[in-house]
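Participant: Requesting a structural model of the entry that follows:
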Amino acid sequence: MIALVDANNFYVSCERVFDPKLEGQAVAVLSNNDGCVISRSPECKALKIEMGTPYFKLKRSGIVFRSSNYELYGDMSARIVATLGTFTPDVEQYSIDEAFLHFGGSAPADRVGGWKALGRLIHGRVKRWTGIPCGVGFATTRTLAKIANHIGKKRPGGVFVMPDDASGVLEGLPVGEVWGVGRRLAERLQRTGIRDALALAKCTREFFKRWKFAVTLERTAMELRGIPATEADPLEREDMQSVGVSRMFGTPVEDAQGLEEAVSGHAASAAAKLRKAGMVASVANVYVQECAPPGTGGWNDQNWWTPFLTVTVPFAAPTSATPDILSAVRPAVGRLFVPGKRYRRAGVLLCGLERAGLALDLFRGDPAKRPAAKLSAVADAINARFGRGTVFFAAEGTERKWKMKREMLSGCPTTRWAEVLVANA
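Facilitator: The predicted model follows:
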């Protein structure tokens, strides 16, 4: 049995944990540079505010806005996963606000009441220990667990257990609402007569071959029938192919130093992600994008398109060490920067990934034992203990005028000592 635990309105819920005054109010969290709505409270949804609505259209709406605070959200996500680990050691985090819990074939003997009672216990403990409300859905496959979770979220107890015969649940469920079936794929399926989840579940292998659908959709159909795809047709997970960091600037960057600092900051962030995944990279793609020209609606006009300028930088040897990556990508900025141009975005994409333990070099040895790698590991440990950005490389700059705009940013009371909440007597 598999349980999917999904936090409700996660970003908004995180904000409410440390600011109880937000309870009962319409709250929305904005994307990078305070661009558009990416998380909404139930009260905000009741006002018919759609995801992706630009902030400038809602400024005077009476809604309480918060800038995205990913440091806080990431730490709260880790706390939820740690809480879920008290129920089973097999916790598979799927995203920042979702995790699959893998149990055996029957409910634990000490859980009186079966799966539903266990779901209520999970729901209650996550809320009590972290302050985050969640939904819990049980089923025999991940795809069915996703559907069960959506149903559970709408119920008072927040829990739903998919019945052994899921036909009644799947019938009438639009095929576009099935996990992994996007809008375009749903349209293709509807043209073949497949309109709901039950019809998709009944499709045969010959159907998928005839209409030239990918094998992933066939596996989705198997999971809807209650057959885990990993058992019916073994599929080994592929390692990620790339790691990237890209941000739009809070204000336009017009000088080479500012652009170099921004690229260095993104490269350092990407390198940290790489080390966390236990991978090393062989090449980096560095790219920038110009601002919209005067008279087109502003420097960050999204309706004005300009191609990304890109340069590829190979590394001397596979690495995840920040000093090695910075020394390679910084010179590349000079090949992209044009005096007189104004830039609105930059990014770094690390490619050619492989497991760190496999990237041994006959002459250079284990990458993890090089001085640059040890320095990076120390920086990671300090930032993990005292908060992100406690130590950083000088190449990333100190003023960071290019940093993205977050004018309604809340604090980070769980990761920064200076921002820990204080109870007044």
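
Participant: Where does the prediction get shaky in this structure?
Facilitator: By pLDDT under 70, the weakly predicted segments of the chain are 105-113, 230-240, 292, 294-307, 357-369, 398-404, 425.

Participant: And the strands in it?
Facilitator: Applying DSSP state E to the chain gives strands spanning 2-7, 27-30, 37-40, 64-67, 91-95, 98-102, 134-139, 159-161, 243-253, 279-290, 309-319, 343-351, 354-355.

Participant: Domain map for this structure?
Facilitator: Structural domains assigned to the chain are 10-71, 168-232, 243-396, following automatic domain parsing.

Participant: so which of those domains gets nearest Ala418?
Facilitator: Each of the domains of the chain has some distance to Ala418 by C-beta to C-beta; the shortest is domain 243-396, at 8.6 Å. Just so you know, the C-beta spots here come from the backbone N, C-alpha and C atoms, and that holds for glycine as well.

Participant: Any idea how many residues pack against Arg184?
Facilitator: By other C-beta atoms under 10 Å, the residues close to Arg184 number 9.

Participant: gap between it and Gly172?
Facilitator: Arg184 sits 22 Å away from Gly172, going by C-beta to C-beta, to the nearest Å.

Participant: One more: Ala166?
Facilitator: Taken as C-beta to C-beta, the span from Ala166 to Gly172 is 12 Å.

Participant: Among those two, which residue is more densely surrounded?
Facilitator: Using other C-beta under 10 Å, the more surrounded residue of Ala166 and Gly172 is Ala166, with 22 against 10.

Participant: check contacts around that one.
Facilitator: For Ala166, the contacting residues are Ala139, Leu144, Ile147, Leu224, Gly226, by C-beta atoms under 8 Å, 6 or more residues apart in numbering.

Participant: so who does the second one touch?
Facilitator: Right, the one you point to is Leu144. Met162, Ala166, Glu223, Leu224, Gly226.

Participant: For those, pick the one with the most neighbours.
Facilitator: Leu224 (27 neighbours).

Participant: Mind putting the strands of the chain into CSV with mean neighbour count and distance to Ser376?
Facilitator: Shown next, in CSV, are those (neighbours: other C-beta atoms under 10 Å; distance: least, C-beta to C-beta, whole Å):
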stretch, mean neighbour count, distance to Ser376
strand 2-7, 25, 31
strand 27-30, 26, 31
strand 37-40, 20, 31
strand 64-67, 20, 29
strand 91-95, 14, 24
strand 98-102, 19, 28
strand 134-139, 26, 35
strand 159-161, 24, 43
strand 243-253, 19, 14
strand 279-290, 21, 11
strand 309-319, 17, 9
strand 343-351, 23, 14
strand 354-355, 12, 17
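
Participant: can you put these in CSV and add distance to Val263?
Facilitator: Shown next, in CSV, are those (distance: least, C-beta to C-beta, whole Å):
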stretch, distance to Val263
strand 2-7, 33
strand 27-30, 25
strand 37-40, 25
strand 64-67, 23
strand 91-95, 27
strand 98-102, 32
strand 134-139, 38
strand 159-161, 47
strand 243-253, 10
strand 279-290, 6
strand 309-319, 10
strand 343-351, 5
strand 354-355, 24
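
Participant: wait, which of those strands is closest to Asn383?
Facilitator: The nearest among these, by C-beta to C-beta, is strand 243-253 at 15.2 Å.

Participant: Just the residues contacting that closest one, thanks.
Facilitator: Applying C-beta under 8 Å, 6+ apart, the set of residues contacting strand 243-253 is 32-33, 35, 259, 262, 266-267, 269-270, 273-274, 277, 279, 281, 287, 291, 299-300, 342-350, 353, 401-406.

Participant: List the residues that contact the closest residue to Asn285 other than its chain neighbours.
Facilitator: Nearest residue to Asn285, sequence neighbours excluded (C-beta to C-beta, 6 or more residues apart in numbering): Leu349, at 4.3 Å. Residues near Leu349 by C-beta under 8 Å, 6+ apart: Ser242, Val243, Gly244, Ser246, Ala270, Ala284, Asn285, Tyr287.

Participant: Could you point out which of the residues you listed is nearest to Gly124?
Facilitator: Distances from Gly124 to the contacts of Leu349, taken by C-beta to C-beta, are shortest for Val243, at 36.6 Å.

Participant: Distance of that closest one relative to Cys291?
Facilitator: In terms of C-beta to C-beta, Val243 sits 27 Å off from Cys291.

Participant: Same check on Thr322?
Facilitator: For Thr322, the distance to Cys291 - C-beta to C-beta - is 29 Å.

Participant: end-to-end on stretch 132-149?
Facilitator: End-to-end distance of stretch 132-149 (C-alpha to C-alpha, to the nearest Å): 16 Å.

Participant: now do stretch 94-103
Facilitator: Length of stretch 94-103, first residue to last, C-alpha to C-alpha: 16 Å.

Participant: If you drop the residues flanking it in sequence, what lies closest to Tyr11?
Facilitator: Residue nearest to Tyr11 in three dimensions, not counting chain neighbours: Ser39, with 3.6 Å by C-beta to C-beta, 6+ apart.

Participant: Distance check, the one you found against Ile122.
Facilitator: Applying C-beta to C-beta to Ser39 and Ile122 gives a distance of 22 Å.

Participant: Kindly report the same for Gly387.
Facilitator: Counting by C-beta to C-beta, the gap from Gly387 to Ile122 is 29 Å.

Participant: neighbour-wise, which of those two wins?
Facilitator: Neighbours were counted for Gly387 and for Ile122 using other C-beta under 10 Å; Ile122 has more, 23 against 17.

Participant: Contacts only, for the more buried one.
Facilitator: Neighbour list for Ile122: Ala3, Val5, Leu84, Phe87, Leu101, Cys134, Val136 [criterion: C-beta under 8 Å, 6+ apart].

Participant: can I get the CA coordinates of stretch 377-396 in CSV?
Facilitator: Extracted in CSV, the C-alpha atoms of stretch 377-396 (Å, rounded to 0.1, in the frame of the first residue of the first chain):
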residue,chain,number,x,y,z
ALA,A,377,31.8,20.6,1.5
VAL,A,378,32.8,22.8,4.4
ALA,A,379,30.8,25.7,2.9
ASP,A,380,27.8,23.4,2.5
ALA,A,381,28.0,22.3,6.1
ILE,A,382,28.2,25.8,7.5
ASN,A,383,25.3,27.0,5.4
ALA,A,384,23.2,23.9,6.4
ARG,A,385,23.8,24.7,10.1
PHE,A,386,23.6,28.5,10.2
GLY,A,387,21.4,29.3,7.2
ARG,A,388,21.8,29.6,3.4
GLY,A,389,24.2,32.3,2.4
THR,A,390,26.1,32.4,5.7
VAL,A,391,29.3,31.9,3.7
PHE,A,392,29.7,32.4,-0.1
PHE,A,393,32.4,33.0,-2.7
ALA,A,394,33.5,36.5,-3.3
ALA,A,395,32.9,36.0,-7.0
GLU,A,396,29.1,36.1,-6.2
